[in-house]
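**Student:** whatever this is, show me its structure:
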Amino acid sequence: MRHPARANRAYRFIANIVRPLMFATTRRAWSGGENFPRDRGFIAAANHMSYADPLTTAHYLYDHGFAPRILAKAPLFKVFFVGPILRSSGQIPVYRNSSRAGESLEAAFTALDGGECVFVFPEGTLTRDPDLWPMTGKTGVARLALQSKAPVIPIAQWGAQDLIPRYGKFPRLFGRKQQTVVAGPPVDLSDLYGKPLEGAVLREATERVMAAITVLLAEIRGEEPPATRFDPRTNPEVSRKIGGDHATKPELP
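**Tutor:** Numbering: from 1, shown residues only. Coordinates of the predicted model:
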């Protein structure tokens, strides 16, 4: 295949290793690629269920012609083997609760201004919803979208949890796992542009993104999502039960 024009040498090298592994372990049902802008930078926002999500969704984006710049938690950049891969391929560290917190947004703005795809998991961590529906999102995606005015393309994916179960450490390599990934049209946030980036505005924009992702996922699953989105802040016992020790450990973005 032709590598995306914005993929650097390290990105291409990694793709040449990872893509054959993905082809060998998954069966793909991909759609919605026509919704990706080709003339400007954009934000790709997906649901998060498994440690395999960055691979399955990045594979989808890469084979649609984009080398996504993934917003990943800063501690991952210090992990053996993982860190060098993230740094060399140009991924963006997120410094939470730190004086460096603004650096990730600035890097993302620069990437968007340069016409790149910035990829985020708005939930910020693996969903705590017992049935793997998208939970409440964090407002970082809203801040990035409203300040940059870049299109937000919602992506729903289903099947990565069969490759690596939620909080699982090892992939299930026997039998090719079905991976369904769908991109939808841009989320309409235009009426929020120019408004003060206050709590209510950020929460509204975030919920619109999460709702768009949820609608796509419901279509994939052929099921009705919960009437109320799971919020780990109001369901701490359920969140701890599902997350276990992982609730306080660094995770993939």
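**Student:** please spell out which residues along stretch 50-69 are buried.
**Tutor:** Within stretch 50-69, the residues scored as buried using 16 or more other Cβ atoms under 10 Å are 50-69. Using the backbone N, CA and C atoms, a C-beta is placed for each residue, glycine as well.
**Student:** from Ala46, how far out is the residue sitting nearest the centre point of the chain?
**Tutor:** Central residue of the chain (Cα atoms, centre = their mean): Phe121, 3.1 Å from the mean position. Noted for Phe121: a distance of 6 Å to Ala46, by Cβ to Cβ, to the nearest Å.
**Student:** overlap in contacts, these two.
**Tutor:** Taking Cβ atoms under 8 Å, 6 or more residues apart in numbering as the contact rule, Phe121 and Ala46 both touch Asp53.
**Student:** not counting sequence-adjacent ones, nearest residue to the residue nearest to the centre of the chain?
**Tutor:** Counting by Cβ to Cβ, 6 or more residues apart in numbering, the nearest residue to Phe121 once its immediate chain neighbours are dropped is His48, at 4.0 Å.
**Student:** correct me if wrong: Phe42 contacts Val152.
**Tutor:** Yes: in this structure Phe42 lies within contact range of Val152 using Cβ atoms under 8 Å: 7.3 Å.
**Student:** would you map the helices across the protein?
**Tutor:** Ranges of helices within the chain are 9-25, 53-63, 82-88, 101-113, 140-148, 160-163, 199-221, 236-243, based on DSSP state H.
**Student:** next, count neighbours for Glu224.
**Tutor:** For Glu224, the neighbour count with other Cβ atoms under 10 Å is 8.
**Student:** same question, the one 3 residues further on
**Tutor:** Under the neighbour criterion other Cβ under 10 Å, Ala227 is assigned a count of 5.
**Student:** tell me how far it lies from Trp133.
**Tutor:** Taking Cβ to Cβ, one finds Ala227 at 11 Å from Trp133.
**Student:** quick one: low-confidence parts of this structure?
**Tutor:** For the chain, the stretches with pLDDT under 70 are 97-98, 244-253.
**Student:** now with 50?
**Tutor:** Scanning the chain for pLDDT under 50 picks out the ranges 247-253.
**Student:** wouldn't Tyr193 be in contact with Gln147 here?
**Tutor:** No: with contacts counted by Cβ under 8 Å, Tyr193 stays clear of Gln147, the gap being 9.5 Å.
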